[in-house]
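K.L.:
3D, please:
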Amino acid sequence: MSHRFPDQNPNPVLHVTPDGRLEYSNPAAEALCAANGFVVDQPLPPDLRAALARAAAAGRELELGAGHLTFALLPVADPDGGGSLIVYGTDVTARYALERFPDENPNPVLRISRDGSLQYANAASELIVRGLGLAIGDPLPADVRQQVEAALEADSAFDVDVESCTYALHPVLVEAFDFINLYGTDVTASRAMTKFPDRNPNPVLRCWSDGSLAYANPAAEPICRAVGARVGDALPAELWDRIDVARRDPASAPLEVTAEERIYEITVVAVYEFGFINLYGTDVTAARQVAKAHEENERLLLNILPASIAARLRAGEMVIADRFEELTVLFADVVDFTPLTARLSAGELVEVLNSVFSIFDRLADRYGLEKIKTIGDAYMVVGGIGPGANDHPMRVAEMGMEMIDEVGRYRTSGGASIAIRVGMHVGPAIAGVIGIKKFIYDVWGDTVNTASRLESTGEPGRIQVLPDTMHRLGHGFRFEPRGMVELKGKGSMETWQIVGRDGEPASMGTRRSESKGVPGAGNGD
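P.N.:
Down below sits the predicted model:
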């Protein structure tokens, strides 16, 4: 239905005539057109017209940048004929946030295809690549490939010896992109004998049972400087207390010491027969960086996808598309947004939208709902995705009421107030992950279109719903009839407005509407 009502489509839609002229672009395409200099009634650049024609013939997408954004464009023949193209755009910027930059990793990182060919190796892995006699595109040696598969199965690492060095390689299957990353750590020192600590590349220290430092090898100098102790000095009391606890409990976790921007794990080994304690250090800085990068990856993934969908993606599910018999969809946008943009600077406008949408994000988290997207000044949130109670209509309505209340208390840096319109609808919908190089999670269907039109025709400070949604909500809210309202593509329909909660003084709904309303506000931006 998106090509029938493109103004309501939250994604870009363009219409291109057979001679390459841009005949139409919907509001969601504004950023795409502005960044590329596209003007309605003007011809598109020849190379883009040719690329769109090729993509339409092949039934594939092409990518186009728009400032810091990237859009996937899918051109299809206009079903009305005449040789025109309808171009559907999707903002796929978020998926690029998942791309990491292994060139900056101080430890080896290699990438191999599922058939065992080397696709990538960072600078730190040069010794491994050279030792295995590989170049980009070459297949891994058969024995190494077998070790990769075995380590994947056991979720473990395996050792590779190259040019007198030993590296532990930990394979990680990136199922979403169908390749395997190999993360390497130089474990030469930990595999070597420690009979001669002066030659040990890792820190080795020795202290007496009274807490004084008896010995430190050259590799331990950064630790000595960090703790402020030389051979013969007493170790700092706080450090010695930790060592003393660890020597009495061999099962305790290693100590951790930070020295000159490096992180060391210290294993405490008491040598009782000689009356001293050995401290064996391991530089775990790179491991901590990898762990931090993994946490950042997880945070970014959960910013893009609902947790339940991210879990399915990590489990290897490549095509995610679900039909829901009942979802609750809510749209909200800022009343008189266009005049607001004329009054505020770019920085002030972004500050306002960021503040308002941050309020909405916190409310979505509080009510266990999924934010789907923002388009300009519009915010879309959905209830009913993922496991949980089926009370999502009530939770969405409660969030809508709080959105109105919170925005009513908000003031811009110049002291101005703003208002929002809200529309919500309950019904069936389809949701899924889309995109080629970057993916997003989106929701489609008549329920989405209806919620959007209820918002666009609503009144400031109120939540507009249809009778079915009102009955679905049942008790807990107060409603007032609005009468028949013309909804684009739906015709004239009876609508109601949520004006308050049961038990809330009747005057509160009136004050809410008055405080949110903007004199002379219409139904458009």
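K.L.:
number of nearby residues for residue 242?
P.N.:
Residue crowding around residue 242 was assessed by other C-beta atoms under 10 Å; the count is 18. To be clear about C-beta, it is placed using only N, CA and C from the backbone, and glycine gets the same treatment.
K.L.:
Tell me if I'm right that it and residue 255 touch.
P.N.:
Yes. Using C-beta atoms under 8 Å, residue 242 makes contact with residue 255 at a distance of 5.4 Å.
K.L.:
Quick one: low-confidence residue ranges for the stretch 251-400 of the chain.
P.N.:
273-274, 300-314, 316-318, 387-388 (pLDDT under 70).
K.L.:
all helices of it, in order?
P.N.:
285-304, 307-314, 337-343, 346-366, 392-409 (DSSP state H, counting those that start in this stretch).
K.L.:
Format these as JSON lines; extra columns: mean neighbour count and distance to residue 129.
P.N.:
Formatted as JSON lines, the helices of the stretch 251-400 of the chain follow (neighbours: other C-beta atoms under 10 Å; distance: least, C-beta to C-beta, whole Å):
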{"stretch": "helix 285-304", "mean neighbour count": "14", "distance to residue 129": "18"}
{"stretch": "helix 307-314", "mean neighbour count": "16", "distance to residue 129": "29"}
{"stretch": "helix 337-343", "mean neighbour count": "14", "distance to residue 129": "53"}
{"stretch": "helix 346-366", "mean neighbour count": "15", "distance to residue 129": "44"}
{"stretch": "helix 392-409", "mean neighbour count": "21", "distance to residue 129": "52"}
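K.L.:
Quick one, which of those gets closest to residue 440.
P.N.:
The closest of the helices of the stretch 251-400 of the chain to residue 440 is helix 285-304. By C-beta to C-beta, the value is 6.8 Å.
K.L.:
what packs against the closest one?
P.N.:
Packed against helix 285-304 by the contact rule (3 or more C-beta pairs under 8 Å, 6 or more residues apart in numbering; DSSP states H and E) you find helix 93-96, strand 179-186, strand 262-271, helix 307-314.
K.L.:
Off-centre distance for that helix?
P.N.:
Computed by C-alpha atoms, centre = their mean, to the nearest Å, the chain-centroid distance of helix 285-304 equals 11 Å.
K.L.:
who wins for proximity to residue 153 among the helices of the stretch 251-400 of the chain?
P.N.:
helix 307-314 (17.0 Å).
K.L.:
measure the nearest residue to residue 69 once chain neighbours are set aside to residue 337 for me?
P.N.:
Spatial nearest neighbour of residue 69, excluding adjacent residues (C-beta to C-beta, 6 or more residues apart in numbering): residue 93 at 4.8 Å. In this view, residue 93 and residue 337 are 22 Å apart by C-beta to C-beta, to the nearest Å.
K.L.:
Count the neighbours of the residue nearest to residue 69 for me.
P.N.:
Residue 93 has 16 nearby residues by other C-beta under 10 Å.
K.L.:
got it, and residue 332?
P.N.:
Neighbours of residue 332 (other C-beta under 10 Å): 26.
K.L.:
Who does it form a beta bridge with?
P.N.:
Assessed by DSSP bridges, residue 332 has beta-bridge partners residue 379, residue 422.
K.L.:
Ramachandran coordinates for residue 253?
P.N.:
phi -70, psi 150 (degrees, to the nearest 10).
K.L.:
Name the SS class of residue 171, please.
P.N.:
Under DSSP: H, G, I helix; E, B strand; the rest coil, residue 171 falls in the strand class.
K.L.:
For it, give the beta-bridge partners.
P.N.:
residue 182.
K.L.:
Just the pLDDT at it, thanks.
P.N.:
As predicted, residue 171 sits at a pLDDT of 91.
K.L.:
all numbers from here: first residue = 35
P.N.:
Renumbered: residue one is now 35, and that last one reads residue 205.
K.L.:
what's the burial count for it?
P.N.:
Neighbour tally, residue 205, other C-beta under 10 Å: 21.
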